[in-house]
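Colleague: just coords:
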(Lines give C-alpha, C1' and ligand atoms only; values in the text may rest on other atoms or scores of the structure.)
Protein backbone atom coordinates (compact mmCIF):
# COMPACT_ATOMS: atom_id res chain seq x y z
CA UNK A 1 0.00 0.00 0.00
CA UNK A 2 1.14 3.46 -0.86
CA UNK A 3 1.24 5.84 2.09
CA UNK A 4 0.57 8.87 -0.11
CA UNK A 5 -3.07 9.54 -0.88
CA UNK A 6 -3.70 10.81 -4.37
CA UNK A 7 -6.16 13.69 -4.91
CA UNK A 8 -8.51 11.22 -6.60
CA UNK A 9 -8.61 9.13 -3.47
CA UNK A 10 -9.78 12.11 -1.46
CA UNK A 11 -12.57 12.87 -3.90
CA UNK A 12 -15.01 10.43 -5.41
CA UNK A 13 -16.56 7.59 -3.50
CA UNK A 14 -13.55 6.99 -1.31
CA UNK A 15 -15.13 8.80 1.56
CA UNK A 16 -18.01 7.67 3.73
CA UNK A 17 -21.35 9.45 3.42
CA UNK A 18 -22.14 8.84 7.09
CA UNK A 19 -19.82 8.21 9.96
CA UNK A 20 -20.99 7.17 13.44
CA UNK A 21 -18.42 7.65 16.18
CA UNK A 22 -18.97 6.05 19.58
CA UNK A 23 -22.70 6.72 19.52
CA UNK A 24 -24.37 5.93 22.86
CA UNK A 25 -27.81 6.52 24.26
CA UNK A 26 -29.09 5.61 27.69
CA UNK A 27 -32.53 5.35 29.23
CA UNK A 28 -31.69 6.17 32.83
CA UNK A 29 -29.47 3.32 33.97
CA UNK A 30 -30.40 1.16 31.03
CA UNK A 31 -28.29 1.04 27.87
CA UNK A 32 -30.15 1.87 24.67
CA UNK A 33 -27.08 1.56 22.50
CA UNK A 34 -23.45 1.89 23.50
CA UNK A 35 -20.29 2.92 21.71
CA UNK A 36 -21.40 2.20 18.16
CA UNK A 37 -18.94 3.25 15.44
CA UNK A 38 -19.06 2.57 11.71
CA UNK A 39 -18.71 4.22 8.31
CA UNK A 40 -21.35 3.97 5.60
CA UNK A 41 -20.14 4.44 2.03
CA UNK A 42 -22.06 5.88 -0.92
CA UNK A 43 -24.23 3.18 -2.49
CA UNK A 44 -23.76 0.82 0.43
CA UNK A 45 -26.71 -0.87 2.15
CA UNK A 46 -26.11 -1.66 5.80
CA UNK A 47 -28.40 -3.97 7.76
CA UNK A 48 -28.72 -3.77 11.53
CA UNK A 49 -30.07 -7.02 12.94
CA UNK A 50 -30.83 -8.27 16.42
CA UNK A 51 -33.79 -9.23 18.56
CA UNK A 52 -36.27 -6.69 19.88
CA UNK A 53 -34.60 -4.82 22.72
CA UNK A 54 -31.15 -5.19 21.16
CA UNK A 55 -30.90 -1.42 20.62
CA UNK A 56 -31.20 -1.42 16.86
CA UNK A 57 -34.17 0.95 16.72
CA UNK A 58 -32.62 3.24 19.34
CA UNK A 59 -29.49 3.40 17.22
CA UNK A 60 -31.50 4.15 14.08
CA UNK A 61 -33.29 7.00 15.86
CA UNK A 62 -29.91 8.53 16.77
CA UNK A 63 -28.41 8.03 13.32
CA UNK A 64 -31.42 9.51 11.55
CA UNK A 65 -31.48 12.66 13.67
CA UNK A 66 -34.68 11.86 15.58
CA UNK A 67 -33.08 11.40 19.02
CA UNK A 68 -29.91 13.09 20.23
CA UNK A 69 -27.30 10.56 21.44
CA UNK A 70 -25.97 11.01 25.00
CA UNK A 71 -22.43 10.60 23.69
CA UNK A 72 -20.71 10.32 20.35
CA UNK A 73 -21.10 11.96 16.96
CA UNK A 74 -23.04 11.37 13.76
CA UNK A 75 -21.23 12.94 10.80
CA UNK A 76 -22.92 13.33 7.43
CA UNK A 77 -21.76 14.44 4.01
CA UNK A 78 -24.78 16.39 2.75
CA UNK A 79 -23.56 16.81 -0.84
CA UNK A 80 -20.72 14.95 -2.57
CA UNK A 81 -17.39 16.44 -1.56
CA UNK A 82 -18.89 18.77 1.09
CA UNK A 83 -17.50 18.96 4.61
CA UNK A 84 -18.89 16.56 7.18
CA UNK A 85 -21.70 17.98 9.28
CA UNK A 86 -22.20 16.90 12.87
CA UNK A 87 -25.95 16.62 12.58
CA UNK A 88 -26.68 17.37 16.24
CA UNK A 89 -24.57 20.55 16.09
CA UNK A 90 -26.97 21.92 13.48
CA UNK A 91 -29.80 24.17 14.59
CA UNK A 92 -33.01 22.17 14.98
CA UNK A 93 -34.56 23.79 11.91
CA UNK A 94 -31.57 22.95 9.67
CA UNK A 95 -31.53 19.38 10.90
CA UNK A 96 -35.25 19.01 10.14
CA UNK A 97 -34.67 20.39 6.66
CA UNK A 98 -31.80 17.95 6.10
CA UNK A 99 -34.00 15.08 7.26
CA UNK A 100 -36.66 16.01 4.70
CA UNK A 101 -34.36 16.59 1.73
CA UNK A 102 -30.98 14.81 1.85
CA UNK A 103 -32.40 11.90 3.88
CA UNK A 104 -35.38 9.69 3.74
CA UNK A 105 -36.88 7.79 6.62
CA UNK A 106 -39.20 4.85 5.95
CA UNK A 107 -41.11 4.04 9.12
CA UNK A 108 -42.37 0.58 10.01
CA UNK A 109 -45.87 1.93 10.33
CA UNK A 110 -46.81 3.91 7.20
CA UNK A 111 -49.06 6.11 9.37
CA UNK A 112 -45.91 7.55 10.96
CA UNK A 113 -44.49 8.55 7.59
CA UNK A 114 -47.62 9.59 5.67
CA UNK A 115 -50.19 12.34 6.07
CA UNK A 116 -53.30 10.25 6.16
CA UNK A 117 -55.70 13.10 5.34
CA UNK A 118 -53.75 14.29 2.29
CA UNK A 119 -54.12 12.65 -1.15
CA UNK A 120 -51.52 10.16 -2.42
CA UNK A 121 -50.33 12.73 -4.94
CA UNK A 122 -50.14 15.36 -2.20
CA UNK A 123 -48.08 13.08 0.02
CA UNK A 124 -45.50 12.64 -2.71
CA UNK A 125 -45.64 16.21 -4.01
CA UNK A 126 -45.19 17.75 -0.57
CA UNK A 127 -41.58 16.58 -0.50
CA UNK A 128 -40.84 18.36 -3.74
CA UNK A 129 -42.36 21.54 -2.33
CA UNK A 130 -40.13 21.17 0.75
CA UNK A 131 -37.27 21.18 -1.69
CA UNK A 132 -38.50 24.43 -3.23
CA UNK A 133 -40.38 23.19 -6.31
CA UNK A 134 -43.42 25.39 -6.99
CA UNK A 135 -44.58 24.35 -10.47
CA UNK A 136 -47.87 22.48 -9.94
CA UNK A 137 -47.84 20.64 -13.26
CA UNK A 138 -44.30 19.34 -12.78
CA UNK A 139 -44.97 18.30 -9.19
CA UNK A 140 -48.07 16.35 -10.24
CA UNK A 141 -46.13 14.76 -13.10
CA UNK A 142 -43.33 13.66 -10.76
CA UNK A 143 -45.90 12.35 -8.24
CA UNK A 144 -47.61 10.32 -10.98
CA UNK A 145 -44.31 8.91 -12.12
CA UNK A 146 -43.38 7.84 -8.59
CA UNK A 147 -46.75 6.27 -7.90
CA UNK A 148 -46.27 4.18 -11.03
CA UNK A 149 -42.76 3.22 -9.98
CA UNK A 150 -44.04 1.87 -6.68
CA UNK A 151 -46.83 0.09 -8.55
CA UNK A 152 -49.76 2.27 -7.50
CA UNK A 153 -52.13 3.02 -10.38
CA UNK A 154 -51.94 6.65 -11.50
CA UNK A 155 -55.75 6.75 -11.24
CA UNK A 156 -55.46 6.55 -7.43
CA UNK A 157 -53.49 9.83 -7.22
CA UNK A 158 -56.35 11.74 -5.58
CA UNK A 159 -57.29 9.00 -3.10
CA UNK A 160 -56.34 9.32 0.57
CA UNK A 161 -53.86 6.80 2.03
CA UNK A 162 -56.53 5.49 4.41
CA UNK A 163 -58.31 4.07 1.35
CA UNK A 164 -55.20 1.99 0.59
CA UNK A 165 -54.22 -1.48 1.82
CA UNK A 166 -51.25 -1.79 4.21
CA UNK A 167 -48.91 -2.83 1.41
CA UNK A 168 -49.99 0.09 -0.79
CA UNK A 169 -49.56 2.52 2.10
CA UNK A 170 -46.02 1.25 2.59
CA UNK A 171 -45.27 1.64 -1.13
CA UNK A 172 -46.71 5.16 -1.02
CA UNK A 173 -44.46 6.00 1.92
CA UNK A 174 -41.47 4.78 -0.09
CA UNK A 175 -42.48 6.98 -3.04
CA UNK A 176 -42.80 9.97 -0.68
CA UNK A 177 -39.31 9.31 0.64
CA UNK A 178 -37.58 8.67 -2.67
CA UNK A 179 -39.14 11.43 -4.78
CA UNK A 180 -36.84 14.06 -3.28
CA UNK A 181 -33.84 12.05 -4.46
CA UNK A 182 -32.21 11.53 -1.03
CA UNK A 183 -28.57 10.47 -0.67
CA UNK A 184 -29.34 8.25 2.30
CA UNK A 185 -32.40 6.32 3.37
CA UNK A 186 -33.19 4.88 6.80
CA UNK A 187 -35.69 2.04 7.04
CA UNK A 188 -37.09 0.62 10.25
CA UNK A 189 -38.55 -2.87 9.69
CA UNK A 190 -39.91 -1.80 6.29
CA UNK A 191 -41.82 -5.05 5.76
CA UNK A 192 -42.79 -5.44 9.42
CA UNK A 193 -46.58 -5.35 9.52
CA UNK A 194 -47.22 -6.91 6.12
CA UNK A 195 -48.43 -10.33 4.95
CA UNK A 196 -45.73 -12.54 3.52
CA UNK A 197 -46.98 -12.27 -0.07
CA UNK A 198 -47.17 -8.47 0.20
CA UNK A 199 -43.70 -8.43 1.77
CA UNK A 200 -42.23 -10.26 -1.22
CA UNK A 201 -43.51 -7.63 -3.63
CA UNK A 202 -42.27 -4.78 -1.47
CA UNK A 203 -38.88 -6.39 -1.01
CA UNK A 204 -38.40 -6.86 -4.71
CA UNK A 205 -39.41 -3.27 -5.29
CA UNK A 206 -36.95 -2.03 -2.67
CA UNK A 207 -34.18 -4.22 -4.06
CA UNK A 208 -34.61 -2.79 -7.55
CA UNK A 209 -34.97 0.82 -6.38
CA UNK A 210 -31.93 0.67 -4.11
CA UNK A 211 -29.84 -0.76 -6.91
CA UNK A 212 -31.10 1.51 -9.70
CA UNK A 213 -30.77 4.68 -7.63
CA UNK A 214 -27.42 3.70 -6.10
CA UNK A 215 -28.80 4.69 -2.67
CA UNK A 216 -26.96 4.39 0.56
CA UNK A 217 -29.31 2.85 3.08
CA UNK A 218 -29.48 1.66 6.66
CA UNK A 219 -32.13 -0.99 7.24
CA UNK A 220 -33.13 -2.21 10.67
CA UNK A 221 -34.75 -5.63 10.62
CA UNK A 222 -35.14 -8.71 12.75
CA UNK A 223 -35.81 -10.74 9.60
CA UNK A 224 -32.59 -12.32 8.35
CA UNK A 225 -34.13 -13.17 4.96
CA UNK A 226 -34.86 -9.47 4.44
CA UNK A 227 -31.30 -8.66 5.46
CA UNK A 228 -29.91 -11.20 3.00
CA UNK A 229 -31.95 -9.89 0.12
CA UNK A 230 -31.43 -6.17 0.63
CA UNK A 231 -28.15 -5.52 2.43
CA UNK A 232 -24.46 -5.62 1.53
CA UNK A 233 -23.16 -5.57 5.05
CA UNK A 234 -24.49 -6.46 8.49
CA UNK A 235 -24.09 -5.22 12.01
CA UNK A 236 -25.39 -7.63 14.65
CA UNK A 237 -26.53 -6.03 17.92
CA UNK A 238 -27.13 -7.49 21.33
CA UNK A 239 -27.87 -5.61 24.57
CA UNK A 240 -27.15 -2.28 22.90
CA UNK A 241 -23.74 -3.25 21.57
CA UNK A 242 -22.44 -4.37 18.19
CA UNK A 243 -21.19 -7.95 18.55
CA UNK A 244 -20.32 -8.75 14.93
CA UNK A 245 -20.01 -6.99 11.59
CA UNK A 246 -19.14 -8.12 8.09
CA UNK A 247 -20.28 -8.90 4.58
CA UNK A 248 -23.95 -9.98 4.83
CA UNK A 249 -23.63 -13.46 3.35
CA UNK A 250 -20.49 -14.15 5.38
CA UNK A 251 -22.11 -13.14 8.68
CA UNK A 252 -25.19 -15.24 7.93
CA UNK A 253 -23.39 -18.31 6.54
CA UNK A 254 -20.31 -18.38 8.78
CA UNK A 255 -21.24 -16.42 11.93
CA UNK A 256 -18.35 -16.02 14.36
CA UNK A 257 -19.99 -14.69 17.52
CA UNK A 258 -22.01 -16.93 19.84
CA UNK A 259 -25.04 -14.66 19.63
CA UNK A 260 -24.99 -14.51 15.81
CA UNK A 261 -24.69 -18.30 15.71
CA UNK A 262 -27.77 -18.51 17.92
CA UNK A 263 -29.66 -16.02 15.77
CA UNK A 264 -28.90 -17.75 12.46
CA UNK A 265 -29.55 -21.25 13.79
CA UNK A 266 -32.93 -20.17 15.19
CA UNK A 267 -34.28 -19.53 11.69
CA UNK A 268 -36.51 -22.25 10.28
CA UNK A 269 -35.53 -23.14 6.74
CA UNK A 270 -38.34 -22.56 4.28
CA UNK B 1 0.64 -22.13 -19.14
CA UNK B 2 3.25 -20.85 -16.71
CA UNK B 3 3.50 -17.58 -18.62
CA UNK B 4 -0.09 -16.80 -17.62
CA UNK B 5 -0.60 -14.58 -14.56
CA UNK B 6 -1.59 -16.07 -11.23
CA UNK B 7 -5.23 -15.20 -10.60
CA UNK B 8 -5.65 -16.95 -7.25
CA UNK B 9 -3.00 -17.38 -4.60
CA UNK B 10 -3.90 -19.23 -1.39
CA UNK B 11 -1.35 -19.00 1.42
CA UNK B 12 -1.38 -20.97 4.66
CA UNK B 13 -5.17 -21.09 4.88
CA UNK B 14 -6.73 -22.93 7.81
CA UNK B 15 -10.35 -23.32 8.81
CA UNK B 16 -11.77 -24.39 12.15
CA UNK B 17 -15.44 -23.98 12.97
CA UNK B 18 -16.19 -23.12 16.60
CA UNK B 19 -19.76 -23.89 17.65
CA UNK B 20 -20.25 -21.58 20.61
CA UNK B 21 -23.71 -22.83 21.49
CA UNK B 22 -22.78 -26.50 21.39
CA UNK B 23 -20.21 -26.61 24.16
CA UNK B 24 -17.79 -24.49 22.10
CA UNK B 25 -16.82 -27.61 20.20
CA UNK B 26 -14.08 -26.96 17.65
CA UNK B 27 -14.25 -28.63 14.25
CA UNK B 28 -10.97 -28.41 12.35
CA UNK B 29 -11.58 -28.69 8.60
CA UNK B 30 -8.16 -28.20 7.04
CA UNK B 31 -4.84 -26.61 7.82
CA UNK B 32 -2.09 -24.84 5.94
CA UNK B 33 -3.60 -25.02 2.45
CA UNK B 34 -1.35 -23.52 -0.23
CA UNK B 35 -1.90 -23.34 -3.97
CA UNK B 36 -2.10 -20.95 -6.90
CA UNK B 37 -4.21 -20.95 -10.05
CA UNK B 38 -3.19 -19.21 -13.25
CA UNK B 39 -5.40 -17.76 -15.97
CA UNK B 40 -6.63 -20.54 -18.25
CA UNK B 41 -6.36 -23.32 -15.66
CA UNK B 42 -9.12 -25.50 -14.23
CA UNK B 43 -8.14 -26.78 -10.81
CA UNK B 44 -10.38 -29.61 -9.64
CA UNK B 45 -10.70 -30.11 -5.90
CA UNK B 46 -10.72 -33.77 -4.94
CA UNK B 47 -11.25 -35.54 -1.64
CA UNK B 48 -13.94 -37.52 0.12
CA UNK B 49 -17.25 -35.97 1.10
CA UNK B 50 -16.68 -33.94 4.28
CA UNK B 51 -13.04 -33.19 3.49
CA UNK B 52 -13.91 -29.49 3.18
CA UNK B 53 -14.00 -28.92 -0.58
CA UNK B 54 -17.09 -26.74 -0.43
CA UNK B 55 -15.78 -24.88 2.62
CA UNK B 56 -12.59 -24.08 0.77
CA UNK B 57 -14.53 -22.82 -2.24
CA UNK B 58 -16.68 -20.62 0.03
CA UNK B 59 -13.54 -19.23 1.69
CA UNK B 60 -12.18 -18.27 -1.73
CA UNK B 61 -15.42 -16.36 -2.35
CA UNK B 62 -15.32 -14.55 1.00
CA UNK B 63 -18.49 -16.35 2.10
CA UNK B 64 -16.66 -18.18 4.91
CA UNK B 65 -13.90 -16.59 6.94
CA UNK B 66 -10.62 -18.48 7.11
CA UNK B 67 -9.25 -18.95 10.62
CA UNK B 68 -5.78 -18.10 9.29
CA UNK B 69 -4.11 -17.31 6.02
CA UNK B 70 -4.46 -15.15 2.91
CA UNK B 71 -6.61 -15.54 -0.19
CA UNK B 72 -5.33 -13.29 -2.92
CA UNK B 73 -7.43 -12.70 -6.02
CA UNK B 74 -6.11 -10.68 -8.96
CA UNK B 75 -8.51 -7.78 -9.43
CA UNK B 76 -7.73 -4.92 -11.84
CA UNK B 77 -4.15 -6.15 -12.01
CA UNK B 78 -3.58 -6.13 -8.25
CA UNK B 79 -3.78 -8.93 -5.72
CA UNK B 80 -6.56 -8.32 -3.17
CA UNK B 81 -6.63 -10.36 0.04
CA UNK B 82 -10.23 -11.52 0.35
CA UNK B 83 -9.63 -12.66 3.94
CA UNK B 84 -8.96 -9.12 5.17
CA UNK B 85 -10.70 -6.90 2.59
CA UNK B 86 -13.55 -4.55 3.52
CA UNK B 87 -17.04 -5.76 2.58
CA UNK B 88 -17.39 -3.14 -0.15
CA UNK B 89 -14.07 -4.22 -1.68
CA UNK B 90 -15.18 -7.87 -1.71
CA UNK B 91 -18.47 -6.88 -3.36
CA UNK B 92 -16.58 -4.93 -6.03
CA UNK B 93 -14.23 -7.89 -6.63
CA UNK B 94 -17.28 -10.17 -6.93
CA UNK B 95 -19.06 -7.79 -9.30
CA UNK B 96 -16.26 -7.67 -11.82
CA UNK B 97 -13.77 -10.46 -11.13
CA UNK B 98 -14.97 -13.28 -8.91
CA UNK B 99 -17.96 -15.50 -9.72
CA UNK B 100 -19.51 -18.37 -7.82
CA UNK B 101 -21.56 -21.06 -9.56
CA UNK B 102 -23.52 -23.12 -7.07
CA UNK B 103 -25.87 -26.00 -7.67
CA UNK B 104 -28.73 -24.06 -6.12
CA UNK B 105 -30.49 -21.02 -7.42
CA UNK B 106 -31.48 -18.46 -4.82
CA UNK B 107 -34.90 -17.59 -6.17
CA UNK B 108 -36.01 -14.01 -5.73
CA UNK B 109 -39.79 -13.59 -5.82
CA UNK B 110 -41.16 -12.11 -9.05
CA UNK B 111 -37.85 -11.94 -10.91
CA UNK B 112 -38.02 -13.74 -14.28
CA UNK B 113 -35.48 -16.28 -15.51
CA UNK B 114 -34.38 -13.88 -18.24
CA UNK B 115 -33.85 -11.05 -15.75
CA UNK B 116 -31.83 -13.32 -13.47
CA UNK B 117 -29.48 -14.09 -16.35
CA UNK B 118 -29.38 -10.46 -17.55
CA UNK B 119 -28.55 -9.14 -14.11
CA UNK B 120 -24.74 -9.66 -14.06
CA UNK B 121 -24.47 -8.07 -17.52
CA UNK B 122 -26.39 -4.99 -16.37
CA UNK B 123 -24.28 -4.81 -13.21
CA UNK B 124 -21.22 -4.63 -15.47
CA UNK B 125 -22.73 -1.85 -17.53
CA UNK B 126 -23.76 -3.78 -20.66
CA UNK B 127 -26.46 -2.09 -22.75
CA UNK B 128 -29.92 -3.49 -21.74
CA UNK B 129 -30.95 -4.66 -25.22
CA UNK B 130 -27.61 -6.41 -25.77
CA UNK B 131 -27.94 -7.95 -22.29
CA UNK B 132 -31.39 -9.32 -23.19
CA UNK B 133 -30.07 -10.81 -26.41
CA UNK B 134 -27.08 -12.48 -24.75
CA UNK B 135 -29.18 -13.78 -21.85
CA UNK B 136 -31.70 -15.30 -24.26
CA UNK B 137 -28.96 -16.92 -26.32
CA UNK B 138 -27.47 -18.49 -23.19
CA UNK B 139 -30.82 -19.85 -21.97
CA UNK B 140 -31.46 -21.29 -25.43
CA UNK B 141 -28.06 -22.93 -25.45
CA UNK B 142 -28.91 -24.61 -22.15
CA UNK B 143 -32.17 -25.83 -23.68
CA UNK B 144 -34.50 -23.91 -21.40
CA UNK B 145 -37.82 -23.63 -23.30
CA UNK B 146 -38.51 -20.03 -24.33
CA UNK B 147 -41.98 -20.09 -22.74
CA UNK B 148 -40.27 -20.24 -19.33
CA UNK B 149 -38.00 -17.22 -19.81
CA UNK B 150 -40.50 -14.63 -18.61
CA UNK B 151 -41.49 -16.65 -15.53
CA UNK B 152 -39.97 -16.53 -12.06
CA UNK B 153 -38.15 -19.86 -11.54
CA UNK B 154 -39.80 -20.61 -8.17
CA UNK B 155 -41.95 -23.28 -9.82
CA UNK B 156 -39.23 -24.69 -12.10
CA UNK B 157 -37.81 -28.19 -11.64
CA UNK B 158 -34.41 -28.59 -9.95
CA UNK B 159 -32.71 -29.11 -13.31
CA UNK B 160 -34.38 -26.07 -14.86
CA UNK B 161 -33.38 -23.87 -11.92
CA UNK B 162 -29.85 -25.16 -12.15
CA UNK B 163 -29.67 -24.28 -15.83
CA UNK B 164 -30.88 -20.73 -15.09
CA UNK B 165 -28.13 -20.47 -12.52
CA UNK B 166 -25.50 -21.76 -14.94
CA UNK B 167 -26.72 -19.39 -17.65
CA UNK B 168 -26.37 -16.50 -15.18
CA UNK B 169 -22.82 -17.53 -14.33
CA UNK B 170 -21.59 -18.13 -17.87
CA UNK B 171 -23.37 -15.35 -19.75
CA UNK B 172 -20.28 -13.22 -19.05
CA UNK B 173 -17.67 -15.50 -17.46
CA UNK B 174 -15.72 -13.87 -14.63
CA UNK B 175 -11.90 -13.80 -14.69
CA UNK B 176 -12.01 -16.07 -11.63
CA UNK B 177 -14.77 -18.68 -11.35
CA UNK B 178 -15.56 -20.97 -8.45
CA UNK B 179 -17.82 -23.86 -9.39
CA UNK B 180 -19.60 -26.17 -6.94
CA UNK B 181 -21.27 -29.23 -8.49
CA UNK B 182 -22.72 -27.51 -11.54
CA UNK B 183 -24.09 -30.63 -13.20
CA UNK B 184 -25.70 -32.41 -10.22
CA UNK B 185 -29.21 -32.67 -11.66
CA UNK B 186 -28.63 -32.26 -15.39
CA UNK B 187 -29.17 -34.75 -18.20
CA UNK B 188 -26.31 -35.78 -20.50
CA UNK B 189 -27.09 -33.22 -23.18
CA UNK B 190 -26.99 -30.28 -20.77
CA UNK B 191 -23.95 -31.70 -18.99
CA UNK B 192 -22.15 -31.53 -22.32
CA UNK B 193 -23.16 -27.88 -22.70
CA UNK B 194 -21.70 -27.11 -19.26
CA UNK B 195 -18.43 -28.83 -20.20
CA UNK B 196 -18.28 -26.67 -23.34
CA UNK B 197 -19.03 -23.50 -21.37
CA UNK B 198 -16.24 -24.25 -18.92
CA UNK B 199 -13.82 -24.92 -21.79
CA UNK B 200 -14.81 -21.64 -23.44
CA UNK B 201 -14.40 -19.64 -20.22
CA UNK B 202 -10.98 -21.22 -19.79
CA UNK B 203 -9.89 -20.37 -23.31
CA UNK B 204 -10.99 -16.77 -22.65
CA UNK B 205 -8.49 -16.77 -19.78
CA UNK B 206 -10.67 -17.47 -16.75
CA UNK B 207 -9.01 -19.19 -13.81
CA UNK B 208 -11.40 -21.84 -12.50
CA UNK B 209 -11.58 -23.87 -9.28
CA UNK B 210 -14.27 -26.50 -9.19
CA UNK B 211 -15.87 -29.44 -7.43
CA UNK B 212 -17.37 -32.05 -9.76
CA UNK B 213 -18.77 -35.35 -8.57
CA UNK B 214 -19.50 -36.50 -12.10
CA UNK B 215 -16.31 -38.28 -13.17
CA UNK B 216 -16.76 -37.84 -16.90
CA UNK B 217 -17.28 -34.10 -16.47
CA UNK B 218 -14.33 -33.87 -14.09
CA UNK B 219 -11.95 -35.66 -16.44
CA UNK B 220 -13.00 -33.53 -19.40
CA UNK B 221 -12.56 -30.13 -17.72
CA UNK B 222 -9.61 -30.59 -15.33
CA UNK B 223 -6.18 -29.25 -16.12
CA UNK B 224 -4.91 -29.90 -12.58
CA UNK B 225 -6.02 -31.66 -9.40
CA UNK B 226 -5.72 -30.86 -5.73
CA UNK B 227 -6.59 -33.54 -3.18
CA UNK B 228 -7.52 -31.62 -0.05
CA UNK B 229 -7.65 -34.76 2.10
CA UNK B 230 -3.94 -34.12 2.49
CA UNK B 231 -4.63 -30.90 4.41
CA UNK B 232 -7.44 -32.56 6.31
CA UNK B 233 -5.02 -35.10 7.78
CA UNK B 234 -2.85 -32.27 9.07
CA UNK B 235 -5.87 -30.70 10.77
CA UNK B 236 -6.92 -33.97 12.41
CA UNK B 237 -3.43 -34.55 13.72
CA UNK B 238 -3.28 -31.09 15.28
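Modeller: Yep, that arrived. All of these numbers come straight from a predicted model, not from anything done at the bench. Numbers count the residues shown, from 1 in each chain, chains lettered A, B, ... in the order given.
Colleague: near chain A at all, the helix or strand where residue B:133 lies?
Modeller: Here residue B:133, judged by DSSP states H and E, is contained in helix B:128-141. No - residues of helix B:128-141 contacting chain A under CB under 8 Å from any CB of the partner chain: none, with a closest distance of 11.8 Å. For glycine as for every other residue, the C-beta is placed from the backbone atoms N, C-alpha and C.
Colleague: what comes up buried for whichever helix or strand comes after that helix?
Modeller: Going down the chain from helix B:128-141, the next helix or strand is helix B:158-170, by DSSP H and E. For helix B:158-170, the neighbour count (16 or more other CB atoms under 10 Å in any protein chain shown) marks B:160-170 as buried.
Colleague: one more: stretch B:169-186?
Modeller: By 16+ other CB under 10 Å, the buried positions in stretch B:169-186 come out as B:169-184, B:186.
Colleague: now stretch A:41-50
Modeller: Buried-residue list, stretch A:41-50, by 16+ other CB under 10 Å: A:41-50.
Colleague: ok, which stretches of the stretch 1-150 of chain A are strands?
Modeller: Taking DSSP state E, counting those that start in this stretch as the test, the strands found in the stretch 1-150 of chain A are A:18-27, A:30-40, A:45-49, A:71-77, A:84-86, A:103-106.
Colleague: helices or strands up against the helix or strand where residue A:260 lies?
Modeller: Under the criterion of DSSP H and E, residue A:260 resides in helix A:258-265. For helix A:258-265, the packing partners by 3 or more CB pairs under 8 Å, 6 or more residues apart in numbering or on different chains; DSSP states H and E come out as strand A:233-238, strand A:241-247.
Colleague: can you list the residues of the stretch 151-270 of chain A near chain B?
Modeller: Residues of the stretch 151-270 of chain A lying near chain B (CB under 8 Å from any CB): A:200-201, A:203-204, A:207, A:229, A:232-233, A:246-250, A:253-254, A:256-258, A:261-262, A:265.
Colleague: just want the most central residue of chain B.
Modeller: Geometric centre of chain B, nearest residue: residue B:178, 2.3 Å, by CA atoms, centre = their mean.
Colleague: now the helix ranked longest in chain B: how far from the chain's centre is it?
Modeller: The single longest helix within chain B, with elements called by DSSP state H, is helix B:188-203. In terms of CA atoms, centre = their mean, to the nearest Å, the centre of helix B:188-203 is set 14 Å apart from its chain centre.
Colleague: stretch B:168-177 now?
Modeller: For stretch B:168-177, the distance to the chain centre is 9 Å (CA atoms, centre = their mean).
Colleague: got phi/psi on the closest residue to chain A within chain B?
Modeller: Nearest to chain A in chain B, going by CB to the nearest CB, is residue B:20, at a distance of 3.4 Å. Per-residue torsions, residue B:20: phi -60, psi -30 (degrees, to the nearest 10).
Colleague: same question for the one 10 residues further on.
Modeller: Taking degrees, to the nearest 10, you get phi -150, psi 170 for the backbone angles of residue B:30.
Colleague: so the residue sitting nearest the centre point of chain A: helix, strand or coil?
Modeller: Nearest residue to the geometric centre of chain A (CA atoms, centre = their mean): residue A:186, 1.5 Å. Assigned by DSSP: H, G, I helix; E, B strand; the rest coil, the conformation of residue A:186 is strand.
Colleague: then the one 4 residues further on?
Modeller: Under the three-state scheme (three-state DSSP), the conformation of residue A:190 reads as coil.
Colleague: how about residue A:111: what's its closest non-neighbour residue?
Modeller: Closest residue to residue A:111 apart from its sequence neighbours, by CB to CB, 6 or more residues apart in numbering or on different chains: residue A:169 at 7.6 Å.
Colleague: gap between the one you found and residue A:114?
Modeller: According to CB to CB, to the nearest Å, residue A:169 stands 6 Å off from residue A:114.
Colleague: now the common contact residues for these two.
Modeller: Contact criterion CB atoms under 8 Å, 6 or more residues apart in numbering or on different chains; residues shared by residue A:169 and residue A:114: residue A:161.
Colleague: format the helices and strands packed on helix A:258-265 as TSV; extra columns: mean pLDDT and mean neighbour count.
Modeller: Output for the helices and strands packed on helix A:258-265, formatted as TSV (pLDDT from 0 to 100; neighbours: other CB atoms under 10 Å in any protein chain shown):
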stretch	mean pLDDT	mean neighbour count
strand A:233-238	97	24
strand A:241-247	97	20
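Colleague: could you dump those into TSV with distance to residue A:73 added?
Modeller: Putting those into TSV (distance: least, CB to CB, whole Å) gives the following:
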stretch	distance to residue A:73
strand A:233-238	17
strand A:241-247	16
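Colleague: with respect to residue A:218, which of those strands lies nearest?
Modeller: strand A:233-238 (9.1 Å; CB to CB).
Colleague: sheet partners, orientation included, of that closest one?
Modeller: Strand pairing for strand A:233-238, using DSSP bridges, gives strand A:45-49 (parallel), strand A:241-247 (antiparallel).
Colleague: TSV for the ones you listed, including distance to residue A:86?
Modeller: Shown next, in TSV, are the strands paired with strand A:233-238 (distance: least, CB to CB, whole Å):
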stretch	distance to residue A:86
strand A:45-49	20
strand A:241-247	21
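Colleague: pull the contacting residues for the closest residue to chain B within chain A.
Modeller: Residue nearest to chain B within chain A (CB to the nearest CB): residue A:258, separated by 3.4 Å. By CB under 8 Å, 6+ apart, the contact list for residue A:258 reads B:20-21.
Colleague: same check, this time on the one 5 residues further on
Modeller: Neighbour list for residue A:263: A:49-51, A:224, A:236, A:255 [criterion: CB under 8 Å, 6+ apart].
Colleague: hmm, 10 Å instead?
Modeller: A:49-51, A:54, A:222, A:224, A:236, A:238, A:243-244, A:251-252, A:255, A:257 (CB atoms under 10 Å, 6 or more residues apart in numbering or on different chains).
Colleague: also residue B:229?
Modeller: B:30, B:46-48, B:50-53.
Colleague: among those, which lie within strands?
Modeller: Members of those lying in strands (criterion: DSSP state E): B:30, B:46.
Colleague: among the contacts of residue B:229, the buried ones, what's the PyMOL command?
Modeller: Buried subset of those, written as a PyMOL selection, criterion 16+ other CB under 10 Å:
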select buried, chain B and resi 30+46+47+51+52+53
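Colleague: from the contacts of residue B:229, which is closest to residue B:145?
Modeller: Looking across those and measuring by CB to CB, the closest to residue B:145 is residue B:53, at 33.2 Å.
Colleague: which residues does that closest one contact?
Modeller: Contacts of residue B:53 (CB under 10 Å, 6+ apart): B:29-30, B:44-47, B:180-181, B:209-211, B:226-229, B:232.
Colleague: next: residue B:61.
Modeller: A:249-250, B:71, B:73, B:82, B:90, B:93-94, B:98-100, B:102, B:176, B:178, B:180, B:209.
Colleague: any buried residues in stretch B:120-136, and which?
Modeller: B:120-122, B:126, B:131-132, B:134-136.
Colleague: ugh, typo on my part, it should be stretch B:98-116
Modeller: B:98-103, B:105, B:107-108, B:111, B:113-116.
Colleague: picking up where we left off before, take the buried residues of stretch B:169-186 and keep only those in helices.
Modeller: Filtering the buried residues of stretch B:169-186 for helices - DSSP H - leaves B:169-170.
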